[in-house]
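Peer 1: here is a sequence with its predicted model. Questions after.
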Amino acid sequence: MMNDRAAIAEKLKKLLIEASPLIEEYTAAVCPACTDVCCRQKHGLYQKSDIAYLQALGVNAPPRDQGRPPEGSCEFMGPRGCEQPRWLRPFKCTWYFCEPLLNALNDGPSRKARRLSALLRDMADLYRELA
C-alpha cells in the first residue's frame, strides 16, 4: 500500500513540475498587478491531504512562521512570486484561479490552456487516489 501511495505521489509531483511553467506564464502576466494577495488567508495553508502527499514522497512541509499575522501575504512570497517549488506548495496554491487569471487563460493561446487543463485534470485524479 505504501509503495502505491509513493508511486502516485511521484506521478503527481511530476505533473506539478510539468504544469508549473504554464501556470507561471499566466501568473507572471496577472499577479504583479494584484492588490489582494490571498495566498496566506485562503490558499497557503497545508491540509491533511497535502501532508499525506508529502509524507508519501518522504518530505516534510516547510516550517511556517506561526507568529505571522493572518491578514498578510504568505511568508514564502518573494519579489518574483512564491519561492517554494510548486510540487512542495499546498494544493490550493496550484488550484486557485482568480477571475483575472481565468480571463488570461481564456484570452491566451488555446493550446496552452488545453494542456494546462489536461494536466490539472490528471493531477485531480491522482490527488483523489491519494485521499
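Peer 2: Great, that's in hand.

Peer 1: quick one: the spatially most central residue of the chain and Tyr46, what's the gap?
Peer 2: The centroid of the chain falls nearest to Thr94 when counting by C-alpha atoms, centre = their mean (2.4 Å). Between Thr94 and Tyr46 the computed distance is 13 Å (C-beta to C-beta, to the nearest Å). All C-beta atoms are positioned from the backbone trio N, CA, C, and that covers glycine.

Peer 1: what do you get for Arg111?
Peer 2: Distance, Arg111 to Tyr46, by C-beta to C-beta: 33 Å.

Peer 1: Arg121 too?
Peer 2: 23 Å.

Peer 1: so for these two, which sits in the more crowded spot?
Peer 2: Tyr46 (17 against 10; other C-beta atoms under 10 Å).

Peer 1: would you confirm that that one contacts Ala61?
Peer 2: Yes. Taking contacts as C-beta atoms under 8 Å, Tyr46 lies within contact range of Ala61: 5.0 Å.

Peer 1: who touches both of those two?
Peer 2: Leu54 (C-beta atoms under 8 Å, 6 or more residues apart in numbering).

Peer 1: where exactly do the helices run in the chain?
Peer 2: Counting by DSSP state H, the segments of the chain that form helices are 2-30, 48-57, 91-95, 99-107, 110-130.

Peer 1: least reliable of those going by mean pLDDT?
Peer 2: Of all the helices of the chain, the minimum mean pLDDT falls on helix 91-95 (a mean of 81).

Peer 1: please state the offset of that one from the chain centre?
Peer 2: Offset of helix 91-95 from its chain centre (C-alpha atoms, centre = their mean, to the nearest Å): 3 Å.

Peer 1: buried ones in it?
Peer 2: Of all the residues in helix 91-95, those buried under the rule 16 or more other C-beta atoms under 10 Å are Phe91, Lys92, Cys93, Thr94.

Peer 1: much appreciated, bye for now.
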